[in-house]
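Undergrad: Need the 3D shape of this:
(chains A, B, C, D and E, ligands or ions: 4)
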Amino acid sequence: MSASEIIRTEHVVKTFIVDKKVQPVLKDVSLSIEKGEIFGIIGYSGAGKSTLVRCFNGIEKPTEGDIFFEGQNIVGLKSYELRAIRRKIGMIFQQFNLMPSRTVFGNIALPLKHSGLSKQQIDKRITELLELVDLPDKRNAYPSQLSGGQKQRVAIARALVNQPKILLCDEATSALDPKTTKSILHLLKKLNKELGLTIVVITHEMSVVKEICQKVSVLDKGKIIERGDVYSVFSNPQQELTQSFIETTSALGSVKTLIETQSPVVQLQPGQLLLKISYTTSSVSEPLISYISRTFHVDANIVFGDIQILSGNPLGGLVVILSGQESAIDRALEYVKQRYVAVEVLNHG
Amino acid sequence: MSASEIIRTEHVVKTFIVDKKVQPVLKDVSLSIEKGEIFGIIGYSGAGKSTLVRCFNGIEKPTEGDIFFEGQNIVGLKSYELRAIRRKIGMIFQQFNLMPSRTVFGNIALPLKHSGLSKQQIDKRITELLELVDLPDKRNAYPSQLSGGQKQRVAIARALVNQPKILLCDEATSALDPKTTKSILHLLKKLNKELGLTIVVITHEMSVVKEICQKVSVLDKGKIIERGDVYSVFSNPQQELTQSFIETTSALGSVKTLIETQSPVVQLQPGQLLLKISYTTSSVSEPLISYISRTFHVDANIVFGDIQILSGNPLGGLVVILSGQESAIDRALEYVKQRYVAVEVLNHG
Amino acid sequence: MDNVLQLLLPNVSQVMDEFYLSIIQTLQMVFVSGLISFILSLVIGILLVSTRKGDILANSFVFNVFDKLINLFRSIPFIILIAALIPITRLISGTAVGVQGTLFPLIVGITPFFSRQIESALSEVDDGLIESGIAMGLSPFQIILSVYLKEGISSIVRVTTITVISLIGLTAIVGVVGGGGIGDFAIRYGYQQNQLDATYVSIIVLLIFVSIVQILGTFISKRTTH
Amino acid sequence: MDNVLQLLLPNVSQVMDEFYLSIIQTLQMVFVSGLISFILSLVIGILLVSTRKGDILANSFVFNVFDKLINLFRSIPFIILIAALIPITRLISGTAVGVQGTLFPLIVGITPFFSRQIESALSEVDDGLIESGIAMGLSPFQIILSVYLKEGISSIVRVTTITVISLIGLTAIVGVVGGGGIGDFAIRYGYQQNQLDATYVSIIVLLIFVSIVQILGTFISKRTTH
Amino acid sequence: SASSGTDSKIKEVKVGVVGNSDDPIWEQVNKNLKKENIQVKLVKFTDGIIANQSQDNKELDLTAFQHYAFLNQEKKQKGYKFTVIAQSYIVPLNVYSKKIKNLKQIKSGDKIAIPNNVTNAGRALKVLESAGLIKLDPSKGYSPAVKDITENKKNVKIVEVDPAKIPSLLPDFAAGITNSNFIIDNKMNPVTDSIYRIKPDLDDPNNKPWINVIVARTADKNNKTYKKVVDAYHTASVANKIKKLYNGVYVPAFKY
Ligand SMILES: Nc1ncnc2c1ncn2[C@@H]1O[C@H](COP(=O)(O)OP(=O)(O)OP(=O)(O)O)[C@@H](O)[C@H]1O
Ligand SMILES: Nc1ncnc2c1ncn2[C@@H]1O[C@H](COP(=O)(O)OP(=O)(O)OP(=O)(O)O)[C@@H](O)[C@H]1O
Ligand SMILES: [Mg+2]
Ligand SMILES: [Mg+2]
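TA: Ligands and ions are numbered 1, 2, ... in the order given. Just a heads-up that it's a prediction; the model follows:
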């Protein structure tokens, strides 16, 4: 165990009984989350992501295995000990779980029951949070009077009000429009940086993972099939599942559909080549297209582009139509292949 | 009214009373949805999107204004008439609203109560749908035993079971991983094409809008501020809100943050230029980078790329670092500006 | 065996036949009046919930009629109700005495209470579910059947448990019309004649009934909660 | 005025003082025993819900003790319960007769029923809410207060309405220990002496009580539902 | 009505009673009736008012639980056409106490319990009058109510409670008056444990209203079967049962 570790699971198994049949949902999950990290968990719907994070604060008891919080095994802990731990953990539930009988203010104030803060302090803190999630005018509204996204924002505020050490977010931005999502992610990042808040993010939005996560684990049918820092997983996914996840979020993926449907966009003249060039670390600093255009006298027409900066490194690629003399194209292709790991000829003219 | 119109709202106003104050939520919304169309509605959280579609099938009564379904005003209709209409409308609720006491099968079978189908027919139809939403093994599970995404898929199956003429989807894929989302969207597209199913899609996922919608309306604080076919709205957004929505979903948006944070990726050498080039209709067919590289002897290093094909047309742009002799750069820039509407110099070296 | 019985139950052992009979009478009363009242109360409870303001059959006239009628009947002390009902009881049951004569007053006595309980149970059904039934184009009748009753079932079972136990208590009072039953047995021998063994043995029998109802209720309620 | 009274209520007008007194007695009985029983029942109902299997204070021993005790007390016909309690009543209230002597038996009589009603009401609180209270690190006591009671409040109000009306009915029975009250008045004058005016006027008074309780209950329940 | 049983051999007579205390008496009556092919079937009520109503509705043949006073009150109030076809016994209504030895020790403001049904309440008040504690409006005859008290020197407070519970409630009162059967059921002796009693002398006209009677509908008062039932009741064997059953406290009110 490293000193900076905040959560570690060891061989966690969780089974449910459904329809009298035993259903394994988590199968031997071992992972470790460091203090101050933003840790993403992705996977198919039903993979066991929610069940896993629910184990982290003990509201789901693992069937087998151990879960350590700051080095302390929480399995079998006395309930008051567990309570002390839970107060350090903020949780945003996938279904929000807002209290219908309390106003927005009352919902957010609830975790402060044991905080010993004065009325003014509570008021101040909540006013701040309402500002942050952009709901100051809904202070006295009841959950039934809120839109889906507003509910989610209240849930976010509630999870943060107690200034937790670690925040568990189960699809915390799934109901939010891109702009609100961005501002929430910005807020989380800020808390992470300034207060060292550890954040566990379950999400199906790859953009969220890219935006804030440092590490990511891929859960498939209850097993962790891939893990690592975000850049390496996204730039070089090992498992088919991870690849297809990443592909679906990239515009480049849709080129295949276009080829299949014989879209005019990817219609090639004789001699032309449809190329997919994937960028990896530092390759972006080279003006590739310019170089081959000049050197080999070929034209590279960019059909699809998806290049982003992830953890300071470029990620993504281009789909280009290469045209020119046959020998020129061959040499250009040769050059590109030497320089870039992933070059794929998608189609010939 | 056009003959092919299925839903039309005229000057719809909806107000709620919250905390004894009147809160206008929809303000004079007039729109029209054609038969066989996939119609997207986007907007901030709390803009009134859910309220608006809930008016379409009359479960929310507008405070003022009229709503026509196939030319018939449903405001003030008798309840049995309204029922007949509702049977033609499938709805996926934002909160799913699954029946906790019914199994997945029972939930999906519920709208068939009045269909007169035989047991075998019902069974067959539901088995098919479970296959389509990839939940055949959850047939006998209860909602409380499902993950968030699984619940949403049940809700989708339930909305489709009755073979509705029009489907109202309120954030129907918000809880789904990208792959499942893709397959659901594929299914919806297929139903739209093959059966002429009209689909109204509320979503905050711009990728969903791009993927399946033909038309899109932008709702802001209860007003429709922009509308049109998807390509024109996305390629040329008029309103600031729309622009910022589209920007947040594009990788190009993050270049600004990188400049602000002085990331090494966008660090310029003296004489270099950081350019943002936006693609519009048909411009993609030109090998722009190749051309300027050869003609003006400049190097264009692509830092960010986001080019996709939307409705058969390219959409997006590139962020490039242009380097070379000062005069060459000037001439290259001149050329690009002539050819492309939107060229923006983000930074000078 | 008989000796042990006489020792333990000096008084009751003298009237064993009557004791056995009273058990059967209680069972008869509870079963028959419980069943009929359950059906009536379901109907009335549903009417109350579905005709209240904003609900699927909103009708303030029907709602008010039933609401006020229930209050009225709940205001009449049960013994007075029994007496007042005698002519109608005779018309309906053919007789106003004996077990047969108790059924009608028991039904009239418990139904208003039971209806309120059912109303309360159905009120717990989530609005969102009703709304989704409406959106599917289900008729009010289908919504009642497929949403209110189906989703309210575990609450209905819970209130029914409470009510059946109250009904067992009520059967003790209808002894006034010669209905008999174990409660009446307890009152006549235990209360009026101060025979402790009669009191104890009656309470034990009642406790067994109550426990069975409670266990059954808890079991069904658990089985219907998912 | 007095003449009109005599014409309308030939019998009751003879005993107006007693009639007024009986109204006050009913109010006293219902208020005092209702309030005490409400508090007790809240505690017991909370105990039942929170100690059941899988809940925040899961403790099958405590649960079973209360569960069985309630069944036991609900098995005892009320009139027998009153009699059996006489010595304890005397110990607690100083006397076993009069309004003062009815309070303890009324409390013991209604509390088991009331507790079950509260248990039923609290059972309606969504598991997800309890879970979210647990996740916040709230103590069981805080969860009871801030989740179970707060979120169950409108159900609690509903069952309390039903129970208070049942309690009004119960006060008619405690006439056996001279507790008086309007129900007892109705039985003694209306039922035993066949004075129709006494019956009607008593039922009207009871109906007014019941209606007030019902209207109040409905009002509060609506105010607490969001 | 009588002999309506489908069994042609045995005629069944339905007799309404309240409570069980008379069961052994009717057992003896049935024994006596065996040779007549008549059988009495008891229908047990906990409340006499309903029993009378049932008889009026011909659901009972006879009733045997009330005294003249209650019967007359019921006839007057409900217009029943009932006739007494026999007397059964008289039960004394005595005064008991756990606190005092005789009624002279009653202090001002003391509480006295009396039965909470009208006729026995009236009878109890009469007992108190005969003991000199209170005076009653003479115009009310034998069934006065608490409000008919015209003089109450000791200012005693009269509380009406269930007669069955008066024995248990004696500690809460200075004194209590109740029917002897309840006293016996509580393991007390109506004679030796009472602090004031009126001799159940059948010849005293003051006692007449308190004699228990067997009642038929007036239309059936000459019914032969009922006559036979009465004959079977008015026998030495039944009189002995009555005496034995209640240690001589109950006094048969017929000749045998
Ligand atoms: N209480 C339960 N009883 C039985 N099965 C359950 C229960 N909770 C979850 N499951 C099952 O466990 C599996 C994992 O569920 P979980 O909620 O962890 O998935 P998830 O990865 O969070 O999915 P999603 O992205 O759809 O939210 C699912 O197949 C689900 O059906
Ligand atoms: N029943 C209600 N009572 C009061 N206010 C309501 C009610 N329903 C919705 N509102 C308010 O109306 C506004 C629009 O809500 P609506 O649910 O239509 O938003 P939305 O566009 O669907 O948002 P989201 O994307 O977050 O789901 C919100 O500000 C909400 O608070
Ligand atoms: Mg989940
Ligand atoms: Mg919405």
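Undergrad: Now the residue in the stretch 151-256 of chain E positioned nearest to ligand 4: closest residue in space, sequence neighbours ignored.
TA: Proximity to ligand 4, evaluated over the stretch 151-256 of chain E using C-beta to the ion, is greatest for E:Asp162 at 64.8 Å. In short, each C-beta sits where N, CA and C put it, glycine included. What sits nearest to E:Asp162 in space, not counting adjacent residues and going by C-beta to C-beta, 6 or more residues apart in numbering or on different chains, is D:Val176, at 3.5 Å.
Undergrad: Look at the one you found and report its pLDDT.
TA: The model reports D:Val176 with a pLDDT of 81.
Undergrad: Repeat that for A:Ala342.
TA: Here, the pLDDT recorded for A:Ala342 equals 75.
Undergrad: Equivalent analysis for A:Leu315, please.
TA: Note for A:Leu315: predicted pLDDT of 81.
Undergrad: does the residue nearest to E:Asp162 sit in a helix, a strand or a coil?
TA: Classification of D:Val176 into helix, strand or coil gives helix, according to DSSP: H, G, I helix; E, B strand; the rest coil.
Undergrad: residues touching it, list them.
TA: For D:Val176, the contacting residues are D:Ile79, D:Ile82, D:Ala83, E:Asn116, E:Val161, E:Asp162, E:Ala164, E:Lys165, taking C-beta atoms under 8 Å, 6 or more residues apart in numbering or on different chains as the criterion.
Undergrad: Filter those residues down to the ones in helices?
TA: Mapping these onto helices (DSSP state H) picks out D:Ile79, D:Ile82, D:Ala83.
Undergrad: burial measure for the second one, as a count.
TA: Put plainly, it is D:Ile82. 29 (other C-beta atoms under 10 Å in any protein chain shown).
Undergrad: ok, and the closest non-adjacent residue to it?
TA: Using C-beta to C-beta, 6+ apart and skipping the chain neighbours, the partner closest in space to D:Ile82 is D:Pro105 (4.4 Å).
Undergrad: Secondary structure element holding that neighbour?
TA: Using DSSP states H and E, the secondary-structure element containing D:Pro105 is helix D:98-123.
Undergrad: next one: that helix to chain centre, how far?
TA: 5 Å (C-alpha atoms, centre = their mean, to the nearest Å).
Undergrad: From start to finish, how long is stretch A:134-150 in a straight line?
TA: Terminal residues of stretch A:134-150 lie 9 Å apart, using C-alpha to C-alpha, to the nearest Å.
Undergrad: Not counting its own residues, what contacts it?
TA: For stretch A:134-150, the external contacting residues (C-beta under 8 Å, 6+ apart) are A:96, A:98-105, A:107, A:126-127, A:130, A:151, A:153-154, A:157, A:175-177, A:180, A:183, B:16, B:18-19, B:44-46, B:49-51, B:94-95, B:170-171, B:204, D:226.
Undergrad: Mind doing that once more with 7 Å?
TA: Applying C-beta atoms under 7 Å, 6 or more residues apart in numbering or on different chains, the external contacts of stretch A:134-150 come out as A:98, A:100, A:103-105, A:130, A:151, A:153-154, A:175-177, A:180, B:16, B:18-19, B:45-46, B:50, B:94-95, B:171, D:226.
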